[in-house]
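Enquirer: Let me see the structure of the following:
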Amino acid sequence: MPDAHRALPVLLRICAAIDRLFVVEVGPFGTRLAEDARAAWLATGNKNKPSDVEEYVALLAASIEDREQREAFVAEAMECIKL
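Expert: Here you go, the predicted structure:
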């Protein structure tokens, strides 16, 4: 079994806040998309700095087709990353 990658608890809390923003943008199915994005994000290695969350935001943003909606989501999500 491959090694399980982890993220610092503070980063997971940031991701949870971003998930809530994402669900507001895309609707209830966003919960499933966020779960899939989180698994893909963690699969790339351990996450230990706030800038790692930017990769997660990019994964989620790729699911938003409308450019303006995607840009608005990314802007709001990046505000969550500021510590």
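Enquirer: Quick check: which ranges of this protein have low pLDDT?
Expert: For the chain, the stretches with pLDDT under 70 are 1-3, 83.
Enquirer: now the strands for it?
Expert: Applying DSSP state E to the chain gives no strands.
Enquirer: how far is stretch 73-83 from where the chain is centred?
Expert: 10 Å (C-alpha atoms, centre = their mean, to the nearest Å).
Enquirer: Sorry, wrong one. I was asking about stretch 15-34.
Expert: On C-alpha atoms, centre = their mean, the centre of stretch 15-34 falls 9 Å from that of its chain.
Enquirer: What are the contacting residues of stretch 5-18?
Expert: 38, 42-50, 52-53, 56-57, 60, 77, 80-81, 83 (C-beta atoms under 8 Å, 6 or more residues apart in numbering). Bear in mind the C-beta positions are built from the backbone N, C-alpha and C, glycine included.
Enquirer: cool, and stretch 29-39?
Expert: By C-beta under 8 Å, 6+ apart, stretch 29-39 touches 15, 19, 22-24, 26, 56, 59-60, 63.
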